[in-house]
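J.: below are the sequence and a predicted model; questions follow.
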Amino acid sequence: MTTAVYIHQQPSKEDLALIRQGTANGDRIISNFSLCFPHIRYMLQKKTPKKSKAAVWGSGYPTHTLDMKDFPFNWMLTDAKPAALVSALAKDSDRIMLLFPKNRPIPLLLVFLAMASNQTVKVFRGGVLQRITLEDLPQEQIRQEYETLLLPAIKPLPTPTRLMTTPNGTTVRPYQQQMIDFALERDACGWFVDMGLGKTLATLVLIDQWIQRGKIDPRKPILIVAPIMVALDTWKREVEKWGYDWDVVINIRPTPKKREKCLQSLLLPMEKPTLFLTNPDQLRPIKDYYFASNTPFPFEVLIIDELSQYKSPGTKRNQVIAYYRQPVKKFLGLTGTPASNHLLNIWNQLKLIDPKDTAWAGQTIYEFQSKYFTPIAKNRRGIVIKWAPKFGAEDLIFRNLAKDAISMRTEGLVELPPISYSTLYIQLPEGARKAYTDLENEIAQELEEQDQATYVTDDGVTIFLPNSDVLSGKLLQLAGGALYTDTKTHAFTVFHDEKLNALDDLIETATSSLLVFYYFNSDRIRIEERYHNKIPVLDSKDKNVQDLIDKWNKGEVPVMLAHPASVGHGLNLQDGGHTIVWYSYPNWDNDKYRQANKRLYRSGQTHPVNVIHIIAKNTIEEVMLRSLNAKQKVNDRLMQALDRAERR
């Protein structure tokens with residue numbers, strides 16, 4: 001006979017006597033509290049427990065650990081732990097005693113959970129047996145309390161009954177159809193879909209369905225906000241590729257006169273469905289133009305291609321997009337990296353998707369932060385500089401997000417060749433190492449003691465360092481070989497050429513075209529000087545940028561330089577090469593790092609992709625690379641939690 005004993009608070013002498021009276025000699029006793037006689041202590045554990053029966057220190061009796069992940073409960077609630085313990089004790093016993101203090105009401109949900117798993121339940125309050133049966137419990141109250149306790153369910157996506165086609169007869173893939181069906185059931189949603197899985201194609205089919213079903217007016221332009229390179233290249237090419245007889249109007253860096261003429265034309269009925277492509281920086285002048293004449297926006301649909309551009313709620317960019325979000329009938333947010341740097345990034349994207357039905361996330365990001373996160377690091381002024389999710393918070397956030405967003409990961413949906421990551425180490429020469437060490441140690445110590453610091457180079461140039469973030473940037477510059485010495489003229493001092501030498505070796509031995517990413521402009525200048533300006537730079541401001549992309553994809557460009565911010569989203573470069581070289585790194589920004597790698601590692605790539613990091617040994621670059629990988633784990637967990645794609 002196994003008797004379970006649940007004790008709601010520290011047991012008294014009377015409780016222990018009651019337990020002795022209620023258990024027969026030879027009973028196997030299990031309990032959630034340490035007792036003074038033989039028993040097995042049931043304990044909850046956040047991580048998967050090891051199979052052991054180690055004793056609680058000082059008790060001499062064995063324990064049984066329960067994995068909290070085995071219970072579908074919202075661990076943010078205080079009732080979750082007692083509910084899990086009662087459930088486990090009731091399930092593993094022949095009878096159970098529930099002991100509650102006299103000065104508190106009996107938690108009826110716990111009684112219900114015990115009775116749901118055990119036919120013999122005795123309830124005590126202040127040592128007095130309570131006559132409670134299942135029929136005595138208020139059913140509606142129990143139902144509400146139980147539903148609150150449970151995590152929101154993530155429902156699987158229905159299997160598509162048909163696959164839609166484009167005008168030229170191309171059939172969408174099953175997972176793309178699931179994306180489309182999910183969006184057709186809602187006025188607004190988010191597609192958190194890996195790069196290269198065909199978000200643009202699925203969006204075009206979705207727009208076509210909205211038009212065919214009369215959900216939007218085809219005479220009104222559809223606003224698509226995208227990064228510059230995507231707006232210039234991707235959408236127009238995809239519209240033509242899939243056979244849509246639509247107009248595509250691109251509004252990137254227009255003159256004021258051209259912009260005014262374009263915006264005037266959008267007020268007229270469109271002759272055919274029209275996509276209006278622009279980048280975030282153009283939204284303010286567009287708003288100002290229409291607001292100046294008290295004219296409503298002509299857009300019924302807002303599509304943000306790369307929703308993670310709006311992860312920061314306090315930015316001017318976010319204030320402007322709010323004007324566009326409110327009046328539209330349909331909204332779609334696309335991204336492959338919704339939480340590239342931190343789970344807090346998701347809050348503002350969520351509010352753009354559904355500004356109203358998101359009370360669970362709070363009205364401000366500070367409410368969201370306070371409810372779901374806990375501070376884990378502060379600076380010397382006591383200001384929190386790092387947050388981590390509370391236990392159970394990640395799962396609860398993911399499940400609430402599932403109402404408005406879906407995820408699709410590449411695994412199992414598209415066959416891709418392998419990708420490998422390697423590191424090519426360089427050693428800082430003596431002079432550069434001394435300068436680096438001085439910055440890293442002496443200046444860091446000075447910044448800890450006061451608000452700012454200065455550093456004097458061997459050439460006598462004084463560099464002002466207002467905070468540790470600037471110091472971090474300077475260490476990255478020095479690791480790369482050149483240190484900026486003047487913020488106005490952007491002058492820099494060269495400390496070493498080791499990375500250039502390493503790049504020389506890679507270029508000489510390359511068997512395929514190299515896509516070389518740099519972060520600091522000084523890196524680009526030095527690489528161009530080294531190779532006498534023979535290496536082209538992929539720059540969205542260059543009027544010939546499309547020609548360069550075409551040449552690259554034809555395999556006519558052996559080496560190409562690019563800044564990760566310029567190519568980070570939606571650009572297809574996979575046809576031109578399969579080797580990436582990171583010369584310098586995007587300042588702790590995992591989004592830019594991952595998105596840049598996806599320019600080559602995406603659907604359509606036929607060769608194994610090699611990502612090579614040129615790293616200065618024993619410098620901040622090693623720390624940054626580890627940090628980028630750690631940040632990616634959060635994004636991976638979110639994508640996995642919301643991934644409901646059908647795989648065959």
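T.: Received it, and whenever you're ready, just let me know what you need. The shown structure was predicted, so the numbers you read here are calculated from the model rather than taken from an experiment.

J.: which residue ranges of the stretch 301-450 of the chain form helices?
T.: 316-325, 346-353, 365-372, 393-401, 430-437, 444-449 (DSSP state H, counting those that start in this stretch).

J.: hey, which of those is tucked in deepest?
T.: Of all these, helix 346-353 has the most neighbours on average by mean count of other C-beta atoms under 10 Å, namely a mean of 23. For every residue, glycine as well, the C-beta is placed using N, CA and C.

J.: so that one versus helix 393-401, what angle?
T.: Angle of helix 346-353 versus helix 393-401, following axes from the mean of the first three to the mean of the last three C-alpha atoms, to 10 degrees, is 10 degrees.

J.: state the mean pLDDT of helix 346-353.
T.: The average pLDDT within helix 346-353 is 92.

J.: pull the CA atoms of it into CSV?
T.: Taking Å, rounded to 0.1, in the frame of the first residue of the first chain, the C-alpha atoms of helix 346-353 are listed here in CSV:
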residue,chain,number,x,y,z
ILE,A,346,9.4,39.9,-29.9
TRP,A,347,7.2,42.3,-28.0
ASN,A,348,7.0,45.1,-30.5
GLN,A,349,6.7,42.8,-33.5
LEU,A,350,3.7,41.1,-31.7
LYS,A,351,2.1,44.5,-31.1
LEU,A,352,2.4,45.3,-34.8
ILE,A,353,0.8,42.0,-35.7
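
J.: got the contact list for that helix?
T.: Outside helix 346-353, the residues that touch it by C-beta atoms under 8 Å, 6 or more residues apart in numbering are 188-190, 304, 307-308, 310-313, 318, 321, 325, 331, 333, 335, 338-339, 358, 361-362, 365, 368, 397, 401, 404-405, 638.

J.: hmm, which of the residues you listed are the buried ones?
T.: For the contacts of helix 346-353, a burial check counting by 16 or more other C-beta atoms under 10 Å picks out 188-190, 304, 307-308, 310-311, 313, 318, 321, 325, 331, 333, 335, 338-339, 358, 361-362, 365, 368, 397, 401, 404-405, 638.

J.: okay, and which of the residues you listed map to strands?
T.: Counted as lying in strands by DSSP state E, out of those, are 188-190, 304, 331, 333, 335, 405.

J.: between which two of those is the distance greatest?
T.: Using C-beta to C-beta, those reach their maximum pairwise distance at A188 and T335, which is 14.4 Å.

J.: would you map the strands across the stretch 151-300 of the chain?
T.: Using DSSP state E, counting those that start in this stretch, the strands of the stretch 151-300 of the chain run over residues 188-193, 222-225, 247-251, 274-278.

J.: so which of those strands gets nearest K102?
T.: Closest among those, using C-beta to C-beta: strand 188-193, at 50.7 Å.

J.: as a whole number, average confidence for the closest one?
T.: Average pLDDT, strand 188-193: 93.

J.: and if you look at stretch 232-243?
T.: Averaged over stretch 232-243, pLDDT sits at 90.

J.: can you redo the helices of the stretch 301-450 of the chain as a markdown table with distance to Q141?
T.: Listed next are those as a markdown table, based on distance: least, C-beta to C-beta, whole Å:
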| stretch | distance to Q141 |
| --- | --- |
| helix 316-325 | 39 |
| helix 346-353 | 31 |
| helix 365-372 | 25 |
| helix 393-401 | 23 |
| helix 430-437 | 65 |
| helix 444-449 | 55 |
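
J.: quick one: average confidence on the helix ranked longest in the chain?
T.: Ranked by residue count under DSSP state H, the longest helix found in the chain is helix 620-642. In this model, helix 620-642 has a mean pLDDT of 78.

J.: any weak-confidence spans in the protein?
T.: 47-59, 442-469, 568-570, 641-642, 644, 646-648 (pLDDT under 70).

J.: got the domain boundaries for it?
T.: The chain breaks down by automatic domain parsing into domains covering 2-149, 175-357, 419-642.

J.: would you mind giving the ones you listed as a markdown table with distance to T410 added?
T.: Compiled in a markdown table, the domains of the chain are given as follows (distance: least, C-beta to C-beta, whole Å):
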| stretch | distance to T410 |
| --- | --- |
| domain 2-149 | 26 |
| domain 175-357 | 5 |
| domain 419-642 | 8 |
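
J.: any idea which of those domains gets closest to L413?
T.: domain 175-357 (5.2 Å).

J.: gap between the two ends of the closest one?
T.: 26 Å (C-alpha to C-alpha, to the nearest Å).

J.: ok, now stretch 530-545?
T.: From start residue to end residue, stretch 530-545 stretches across 22 Å - C-alpha to C-alpha.

J.: buried ones in that stretch?
T.: Neighbour counts using 16+ other C-beta under 10 Å place 535-540, 545 of stretch 530-545 among the buried residues.

J.: these in helices, which ones?
T.: When the buried residues of stretch 530-545 are checked against helices (DSSP H), the matches are V545.

J.: tally of neighbours for R219?
T.: By other C-beta atoms under 10 Å, the residues close to R219 number 14.

J.: with adjacent residues omitted, what lies nearest to it?
T.: If the residues on either side of it in the chain are set aside, R219 comes closest to P269, at 4.0 Å by C-beta to C-beta, 6 or more residues apart in numbering.

J.: can you pull the buried residues of stretch 20-40?
T.: Going by neighbour count (16+ other C-beta under 10 Å), the buried part of stretch 20-40 is 22-23, 27, 29-35, 39-40.

J.: what is the nearest of these to R253?
T.: Taking C-beta to C-beta as the measure, R253 sits nearest to N32 out of those, at 65.8 Å.

J.: how many neighbours does the residue nearest to the closest one when sequence neighbours are not counted have?
T.: In space, N32 comes closest to L85 once its chain neighbours are excluded; the distance is 4.5 Å by C-beta to C-beta, 6+ apart. For L85, the count of nearby residues is 24 (other C-beta under 10 Å).

J.: next one: the one 5 residues further on
T.: A90 has 23 neighbouring residues, counting by other C-beta under 10 Å.

J.: so it sits in a strand?
T.: No - if the criterion is DSSP: H, G, I helix; E, B strand; the rest coil, then A90 is helix and not within a strand.

J.: is it true that it touches A4?
T.: Yes - the criterion here is C-beta atoms under 8 Å, and A90 meets it with A4 at 6.3 Å.

J.: give me the common contacts of these two.
T.: Listed as contacting both A90 and A4 by C-beta under 8 Å, 6+ apart are 96, 118.

J.: which one of the helices of the stretch 301-450 of the chain lies nearest to M164?
T.: Among these, helix 346-353 comes nearest to M164, with 23.1 Å by C-beta to C-beta.

J.: between that closest one and strand 188-193, how big is the angle?
T.: Using the same axes, to 10 degrees: helix 346-353 against strand 188-193 is 130 degrees.

J.: all helices for the stretch 451-600 of the chain, in order.
T.: So, for the stretch 451-600 of the chain - with DSSP H, counting those that start in this stretch - the helices run 468-480, 498-509, 521-530, 545-553, 564-567, 590-597.

J.: for those helices, give me a markdown table that also has distance to Y61.
T.: Listed next are the helices of the stretch 451-600 of the chain as a markdown table, based on distance: least, C-beta to C-beta, whole Å:
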| stretch | distance to Y61 |
| --- | --- |
| helix 468-480 | 50 |
| helix 498-509 | 61 |
| helix 521-530 | 63 |
| helix 545-553 | 69 |
| helix 564-567 | 57 |
| helix 590-597 | 47 |
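
J.: buried deepest among the ones you listed, which one?
T.: Mean neighbours per residue, mean count of other C-beta under 10 Å, is largest over those for helix 590-597, with a mean of 25.

J.: can you name the residues in contact with that helix?
T.: Contacts with helix 590-597, where a contact means C-beta under 8 Å, 6+ apart, come from 195, 308, 336-337, 340-341, 419, 517, 562, 564-565, 567-569, 580, 585-586, 609, 611, 627-628, 631-632, 635.

J.: I'm done for today, thanks for sticking with me.
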